[in-house]
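Q: Pasting the sequence and the predicted coordinates here, then a few questions.
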Amino acid sequence: MTKLKYSITALLFVMLCIPFGALADGAFIPPPSKYVQESGQEAVITHKNGTEELILSVEFEGDADEFVWIVPTPSKPEIDRSSDELFTALDEYTGYSGYDYGLGGIEEPLAFKSESDTVTVVESKKVDIYDTVVLEARNSKDLAKWLNDNGYVFPEKEAYIFDYYLDKDWYFAAAKINTDLLDTSATESIKTGHSTPLKLTFETDKLVYPLKISSIQYKPDKGELEKRGTGEPLSALEEEYDDGDKASTSLSIDPYYYQYDEAQYVPISLYVFAEGKKSIPGFSTSYANYVGSDVIKDFAYVDGEPWLETEDKMYLTKLYRNMPVTEMTDDLYLRDAKEKEPIGGATQGEMFLGISLAVVVTILATLFSPCGLLYIIGALLHIGKKRGTHIAGWIMQWVGFVAIFVGETILVGYLIIQDDELTKDTFYNLTAAAITLGVLILVMAVIMIWQKVRISKRNKKGALESKE
């Protein structure tokens, strides 16, 4: 019985220590009765001619199929859907494969309950599976109240965080799951811990990533949990008496209870398209290089159109940091990198050198491999005139030829199967090797045909001479 008490208490302790996932791309808030822990998030940021596009995607663990996404922006944002295809393509392009999800989208105006003199609905519409709204406000508490009155769950005691943005006259974009789509196939990705990417487009002179709002945390207190609780009870340790006896009370295992973990770290990955290489203090750079306009357009399509319309090449910088929640005290402003050297991707000169090296290595490795040497020796045996020597030569040539042909087939098959998993440079080098090997096989076949014709002519000539 004592072991059972300890086991139940330990289980409750684990549940109490599960952190709420603060997301680095805005405040990501589940309903009070739900548990969410982020497992990864990414953002694609483009900036050109004073316009920024911020595309947000997040993956999480937990049971929150109803949540709210709140993102502050320095000017009025336009909210649209984006595609996971973009993140998949960028992961592959910079050397890491991802997964693809996709949903259709609709845009319709929405209606709201309460109005406030200090909160203005600038725009509202349905975007994919979300109900979205753009708000202006002059009072943080009124803004928090408006959000809650209209189904955008927000802990009102954390309303102070809005003051930071209200003082700068920022707007707020909020998104929640369309309740009409809950428990339908449209929200299956949410149940598996994945949210459909959203795109926010707004005017700004400074390339910014809103981060400070992510520092807020929400945790229900014990009384709130007991008030909501329904389900199988758990025995939670309450107090210990002098004689060693322990008294306990009942809490509910459903819904989950969770609290803020000060040691929590949030992985942040940013793909930044701009005029030059960018940096953020504390972030590592895993990729930095120019990308052509045609390549950029081909990364992803939304409703059949390129995700970004550009006629110029842009500089792609991939930034990463596993960031403590306690350090999310300011928004991130990206600045020009002091180190201008490309990272991760090969320049055109390096790419040409790599392909040239792949060609040379393929030729040498083939000719001096056991199969290549076998073929060469077999070809040399045809210099002699003895029939037995020719037979041995043909056997050696055919064995070498077939073995090399099998190697070519395996290489081509590998390229086809692993196409999505290979980096661009590796794919180019292996393709060059496959083409080179194919040319060598063609040359080997031509040599064998020429030898066959030459030997036939020599044999006919010898037969005529013997008759004479």
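A: Noted; the coordinates are in hand.

Q: Please enumerate the helices of this structure.
A: For the chain, the helices defined by DSSP state H cover 2-16, 84-93, 140-149, 160-166, 188-191, 222-228, 293-298, 348-367, 370-381, 387-417, 424-467.

Q: So what angle separates the directions of the second one and helix 424-467?
A: Between helix 84-93 and helix 424-467, the angle formed by their directions is 60 degrees, by axes from the mean of the first three to the mean of the last three C-alpha atoms, to 10 degrees.

Q: what's helix 84-93 packed up against?
A: strand 36-48, strand 51-62, strand 314-324 (3 or more C-beta pairs under 8 Å, 6 or more residues apart in numbering; DSSP states H and E). The way it works is simple: take the backbone N, C-alpha and C, and place the C-beta from them, glycine included.

Q: Compare these and report which one is nearest to Asp131.
A: strand 51-62 (16.2 Å; C-beta to C-beta).

Q: Show me the protein divided up by domain.
A: 2-219+258-336, 348-467 (automatic domain parsing).

Q: most tightly surrounded among those domains?
A: Comparing the domains of the chain by mean neighbour count (mean count of other C-beta atoms under 10 Å), domain 2-219+258-336 comes out on top with a mean of 18.

Q: What are the contacting residues of stretch 344-364?
A: 94-95, 286-289, 318, 424-425, 428-430, 432-433, 436-437, 440 (C-beta atoms under 8 Å, 6 or more residues apart in numbering).

Q: Apply 10 Å and report the result again.
A: 93-95, 285-291, 316-318, 341-342, 372, 411, 423-426, 428-437, 439-440 (C-beta atoms under 10 Å, 6 or more residues apart in numbering).

Q: so Val208 bridges to which residues?
A: Tyr333 (DSSP bridges).

Q: ok, Phe162 - contacts?
A: 27, 70, 72, 135, 137, 139-144, 147, 154, 170, 172, 213, 216 are the contacts of Phe162 under C-beta under 10 Å, 6+ apart.

Q: what do you get for Asn459?
A: Per C-beta under 10 Å, 6+ apart, neighbours of Asn459: Lys385, Arg387, His390.

Q: and it, how far is that from Gln451?
A: Applying C-beta to C-beta, to the nearest Å, the value for Asn459 to Gln451 is 12 Å.

Q: mind giving me JSON lines with the helices and strands packed on helix 84-93 and columns for distance to Pro197 and mean pLDDT?
A: Shown next, in JSON lines, are those (distance: least, C-beta to C-beta, whole Å; pLDDT from 0 to 100):
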{"stretch": "strand 36-48", "distance to Pro197": "8", "mean pLDDT": "76"}
{"stretch": "strand 51-62", "distance to Pro197": "4", "mean pLDDT": "79"}
{"stretch": "strand 314-324", "distance to Pro197": "17", "mean pLDDT": "92"}
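
Q: Adding distance to Asp331, write these out as a markdown table.
A: Listed next are the helices and strands packed on helix 84-93 as a markdown table, based on distance: least, C-beta to C-beta, whole Å:
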| stretch | distance to Asp331 |
| --- | --- |
| strand 36-48 | 13 |
| strand 51-62 | 12 |
| strand 314-324 | 13 |
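
Q: Need the overlap of contacts for Asn459 and Gln451.
A: His390.

Q: between the contacts of Asn459, which is nearest Ile404?
A: Using C-beta to C-beta, the contacts of Asn459 come closest to Ile404 at His390, 21.1 Å.

Q: quick one, what contacts the closest one?
A: Gly378, Leu381, His382, Ile383, Gly384, Gln451, Ile455, Asn459.

Q: And for Lys452?
A: His382, Trp394.

Q: Could you do the one 3 residues further on as well?
A: Contacts for Ile455 were tallied using C-beta under 10 Å, 6+ apart; they are His382, Lys385, Arg387, His390, Gly393, Trp394.
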